[in-house]
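Need the 3D shape of this:
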Amino acid sequence: MDVPNNNGLEKYQRENSKVEKKAGIRVIETMPCTEFWFLIHYKEGYSSHIYMSCQELEQELKKHLPDYKKTEKYFKNKEIYSVLKDNNKQEKAIKDSKPYCEGKIQSGNPLFPFSEIGGLVEILLSKKY
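Numbers count the residues shown, from 1 in each chain. Sure thing, here's the model as predicted:
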């Protein structure tokens, strides 16, 4: 789930806490948006740069995926999972996402970029179906 920035962040955090406590559901978060998880597949090295909007982050992502569009059509036609999995990018992103999650906790900044999707993917990959 993308974490809302500025407007609505406090309300989101309250509601998220209620859901996790009541229903035992673990919400997987990404700040500022899911595209940060995509970008981690390509980023070289760690950066604590704060993306002020998803549009800013999408511009950075387009350096690696020039035709990227946040549309259902793009995701279906591009087979984004295959693109991100190629050339061990998925393994790299899982590993590289961990310092961002730690950095978010250490910084105390609610706008610090991070993605918990790598942890989820790691759990899913370890399951035997």
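
can you give me the helices for the chain?
9-23, 35-40, 54-61, 72-78, 80-85, 89-107, 117-126 (DSSP state H).

looking at the ones you listed, which has the lowest confidence?
Note on these: helix 9-23 shows the lowest mean pLDDT, a mean of 68.

thinking again about what came up before, next, format the helices of the chain as JSON lines and append mean neighbour count.
Where you see a C-beta, it was placed from the backbone N, CA and C, and this is true even at glycine. Output for these, formatted as JSON lines (neighbours: other C-beta atoms under 10 Å):
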{"stretch": "helix 9-23", "mean neighbour count": "12"}
{"stretch": "helix 35-40", "mean neighbour count": "23"}
{"stretch": "helix 54-61", "mean neighbour count": "16"}
{"stretch": "helix 72-78", "mean neighbour count": "11"}
{"stretch": "helix 80-85", "mean neighbour count": "14"}
{"stretch": "helix 89-107", "mean neighbour count": "16"}
{"stretch": "helix 117-126", "mean neighbour count": "15"}
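
of those, which approaches residue 48 most closely?
helix 89-107 (6.1 Å; C-beta to C-beta).

list the contacts for residue 50?
Neighbouring residues of residue 50 by C-beta atoms under 8 Å, 6 or more residues apart in numbering: 109, 111-113.

One more pass at 7 Å, please.
Residue 50 makes contacts with 111-113, as judged by C-beta atoms under 7 Å, 6 or more residues apart in numbering.

How about residue 81?
No contacts exist for residue 81 under C-beta under 7 Å, 6+ apart.

10 Å instead, please
75, 90, 121 (C-beta atoms under 10 Å, 6 or more residues apart in numbering).

The last one and residue 95 touch, don't they?
No. If you go by C-beta atoms under 10 Å, residue 121 and residue 95 don't touch, sitting 11.2 Å apart.
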